[in-house]
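Novice: just to be clear, the model below is a prediction. Sequence and coordinates:
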Amino acid sequence: MRSRPARPSTARATSPAGSPSSTGSISPLRSAGTTRKPPALSTSRPAFAPNSAPQTSSSSRPDAGGPYTRRVPRTERGYRCSSCGWTTVAYVGRCPGCQAWNTLEPFAEAPRGTAASRRPGAAAPAASLVRLGDVEGDTAERHATAIPEFDRVLGGGIVPGSLILVGGDPGIGKSTLMLQAAASLARGGLRVACICGEESPRQVRMRAERLGVADAPVDLIADPSLDAALAAAESAGVDVLVVDSIQSVTVEGLESRAGGPAQLAEAGARLLAFAKGTGTATLVTGHVTKGGEVAGPKLLEHLVDVVLYFESAEGGVLRLLRAVKNRFGATDELGLFEMTGAGLQSVENASAAFLAPHAPGASGCAITAVIEGSRPLAVEVQALAVPSALAAPRRIAAGIEPARLHLLLAVLARRGGIPAGALDIVASVSGGLRLRDTSADLAICLALASAIHDRPLPAGTAFLGELALSGAVRPVHQANRRLAELARLGLRGAVVPAGTAAVEGLQLTRVASLADALERVGLSGLPVRAVPHHDALQQPQRGEQADQ
Ligand code: TYD
Ligand code: MG
């Protein structure tokens, strides 16, 4: 069995030495790391009392002649995998759920407050009924963070009493955004506290200095025990609580390690009870593991009010914050940030950030406009076609669904007369954006056609339209908003589906089919120039034309 995680030395930063308490300590950000030395590791703290469960260790397990014959002690309910949460009544060396070795740990009674902990037959107190019309409406004001893109994604600000999960890969900028938001809210007059489980107050202070918010009246709680930290936050009467991260806090009384599924689920339930019970807006960060493991914040998505995910373009400074669930605003809303030396900056002109400047006359580039959340965004589809050395040429797509790319290549071959069978195809979207709707079909097809023929598309022209398998160009929704955005960015023309209404400042070319569009941009009836490598080696022996 794994040993209980050691309590960091900062955990008792302001408590008198040796004074046992179940309330976490709060230290103001302004004093963190500057006036106090980190105290020595305290070992005098007793086990957390309220939810303590009988402790077991591997040495105390009854061992009756091998792992498969072990019996569950009377005080235990069974064994739970600390990695994936799989449970069994009998001990086994390898978890049948995730195949990890030696991860099963005994668990006793379920922690208090969960349904499982109620004794069968125990009479529950009767719940009360409330008439729908008597329920108070949404009169609470939102707390605006004054970070424009964060407020946009939240739907106008943080709703008091809401539980918000901010997920994303490690290092993407979750802690940075949380600290910037906490500082901004605190400067606005709210009482804000941060449970900093991942970093010491000294590290948070250094980050705050870098962000220029070290003077903000934010309180830090450096106790990894969630109950102690929540008790401290409640007694301090905080308006906004930040938990960074949920994987780093520990629910005492559970056997699994911090960040394990049992810990995450219980921590999520307690944070929800805290947020709803005290009316405190609670922001929680959570790491998404690369393999999408069960221990990620996916477990918490159904529990919380708002789920935001941080994404980044590969290697770029752009950060996309997307609302995948929002009980108080629009889902799929997108916030755009740039990671700078002084933290995350909101990107106001989002389209300009996505329209990468490219060499004039470059082939394979087609501009289109997509609707991301509530705003139109201009993006560029880029494609490259090279003769393939492989029998099965490669298709590499970034930001475009591979299945969609295959489909569009098929439509281009059959309806546009431009086959790409012997070519390696690379297609991507500028800025690292993932195309979600089909309105970019025409732009993708024309970028591919332009790349295959190595001829640029007309400069200053954008392309809108969904493609049917028949090659017909279908209308797109909110076409006028997309076209207005393109006109604002200085584009001069657009190839659009038939029936699209005129927009001031743009010369529209209405097309009914892909073949029609290819003809309008001068890409129809051209010979296919690229030659497959293996055919090029064989064709001269057969005396065939190399460019057909
Ligand atoms: P961080 O917020 O710690 O990520 P997370 O909490 O999601 O793990 O961000 C860490 C990255 O951001 C790190 O690579 C350094 C970079 N960074 C900046 O570029 N500028 C800054 O001002 C800050 C604070 C961080
Ligand atoms: Mg962090």
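Specialist: That came through fine. Ligands and ions are numbered 1, 2, ... in the order given.
Novice: quick one: contacts of the longest helix seen in the chain?
Specialist: Using DSSP state H, we find that the single longest helix of the chain is helix 261-278. If you take Cβ atoms under 8 Å, 6 or more residues apart in numbering as the criterion, helix 261-278 is touched by 80, 82-85, 107, 111, 113-114, 161-163, 226-227, 230, 233-234, 241, 243, 246-247, 249-251, 254-257, 280-282, 284, 286, 294-295, 297, 299-300, 303-304. Any C-beta I mention is one placed from the backbone N, CA and C, and that applies to glycine too.
Novice: how far away from the center of its chain is that helix?
Specialist: 20 Å (Cα atoms, centre = their mean, to the nearest Å).
Novice: give me the residue from the stretch 401-548 of the chain nearest ligand 1.
Specialist: Distances between the stretch 401-548 of the chain and ligand 1 by Cβ to the nearest ligand atom are smallest at Gly432, namely 16.3 Å.
Novice: output stretch 312-332 as CSV, restricted to C-alpha atoms.
Specialist: Taking Å, rounded to 0.1, in the frame of the first residue of the first chain, the C-alpha atoms of stretch 312-332 are listed here in CSV:
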residue,chain,number,x,y,z
SER,A,312,-2.9,25.8,-27.2
ALA,A,313,-1.7,25.9,-30.8
GLU,A,314,1.3,23.6,-31.1
GLY,A,315,4.3,25.5,-29.8
GLY,A,316,2.5,28.8,-30.2
VAL,A,317,1.7,31.6,-27.7
LEU,A,318,-2.0,31.6,-28.5
ARG,A,319,-4.2,30.0,-25.8
LEU,A,320,-7.8,29.1,-26.5
LEU,A,321,-10.1,28.9,-23.5
ARG,A,322,-13.3,27.1,-24.5
ALA,A,323,-16.5,26.6,-22.5
VAL,A,324,-17.6,23.0,-23.0
LYS,A,325,-20.3,23.3,-20.4
ASN,A,326,-21.9,26.4,-18.9
ARG,A,327,-25.1,26.5,-16.8
PHE,A,328,-25.0,30.3,-16.9
GLY,A,329,-23.9,31.1,-20.4
ALA,A,330,-23.3,29.8,-23.9
THR,A,331,-21.3,26.7,-24.4
ASP,A,332,-18.7,26.6,-27.1
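Novice: give me the buried positions along it.
Specialist: Using 16 or more other Cβ atoms under 10 Å as the test for burial, stretch 312-332 gives 312-313, 318-323, 326, 328-329.
Novice: cool, and stretch 282-289?
Specialist: 282-288.
Novice: mark which of those residues are part of strands, please.
Specialist: Cross-referencing the buried residues of stretch 282-289 against strands under DSSP state E gives 282-287.
Novice: where is pLDDT lowest across those?
Specialist: pLDDT across those is lowest for His287, at 82.
Novice: what's opposite that one in the beta bridge?
Specialist: Gly168 (DSSP bridges).
Novice: quick check: it touching Glu198?
Specialist: No: using Cβ atoms under 8 Å, His287 makes no contact with Glu198, being 9.3 Å away.
Novice: which other helices and strands does the longest strand along the chain contact?
Specialist: Scanning the chain for the strand with the most residues, using DSSP E, yields strand 375-387. With contacts taken as 3 or more Cβ pairs under 8 Å, 6 or more residues apart in numbering; DSSP states H and E, strand 375-387 sits against helix 350-354, strand 365-372, strand 423-429, helix 441-453, helix 479-488.
Novice: give me the distance from the second one to the chain's centre.
Specialist: To tie it back to what came earlier, the one meant is strand 365-372. 22 Å.
Novice: again with the longest one
Specialist: Mean C-alpha position of helix 441-453 versus that of the full chain (Cα atoms, centre = their mean) differs by 30 Å.
Novice: what bridges to the closest residue to ligand 1 within the stretch 301-450 of the chain?
Specialist: Relative to ligand 1, the nearest point of the stretch 301-450 of the chain is Gly343 (4.1 Å; Cβ to the nearest ligand atom). Gly343 has these beta-bridge partners by DSSP bridges: Thr340.
Novice: isn't it up against Thr176?
Specialist: Yes: between Gly343 and Thr176 there is a contact under Cβ under 8 Å: 5.2 Å.
Novice: what do these two both touch?
Specialist: With Cβ under 8 Å, 6+ apart as the test, Gly343 and Thr176 both reach Leu211.
Novice: which residues does Trp101 bridge with?
Specialist: Arg94.
Novice: what's the separation between it and Gly279?
Specialist: Separation of Trp101 from Gly279 (Cβ to Cβ, to the nearest Å) stands at 45 Å.
Novice: still on that earlier bit, shared neighbours, His287 and Glu198?
Specialist: Ser245.
Novice: counting contacts, what elements does the one helix or strand Leu220 maps to pack onto?
Specialist: Here Leu220, judged by DSSP states H and E, is contained in strand 218-221. Other helices and strands packing on strand 218-221, by 3+ Cβ pairs under 8 Å, 6+ apart, are strand 26-28, helix 174-187, strand 192-196, helix 201-211, helix 226-236.
Novice: what about the residue nearest to Glu401 when sequence neighbours are not counted, which SS state?
Specialist: Spatial nearest neighbour of Glu401, excluding adjacent residues (Cβ to Cβ, 6 or more residues apart in numbering): Leu435 at 7.7 Å. Judged by DSSP: H, G, I helix; E, B strand; the rest coil, the three-state class of Leu435 is coil.
Novice: my guess is Leu435 contacts Ala427. True?
Specialist: No: between Leu435 and Ala427 there is no contact, the gap being 10.0 Å when judged by Cβ under 8 Å.
Novice: who's more crowded, the two?
Specialist: With neighbours defined as other Cβ atoms under 10 Å, Leu435 and Ala427 compare such that Ala427 has more, 25 against 21.
Novice: was I right about that one contacting Ala385?
Specialist: No: contact criterion Cβ under 8 Å: Ala427 and Ala385 do not qualify, at 9.4 Å.
Novice: name the residues contacting each of the two.
Specialist: Common neighbours of Ala427 and Ala385 (Cβ under 8 Å, 6+ apart) are Leu448.
Novice: give me the low-pLDDT residue ranges for the stretch 401-548 of the chain?
Specialist: Along the stretch 401-548 of the chain, the model assigns pLDDT under 70 to residues 528-548.
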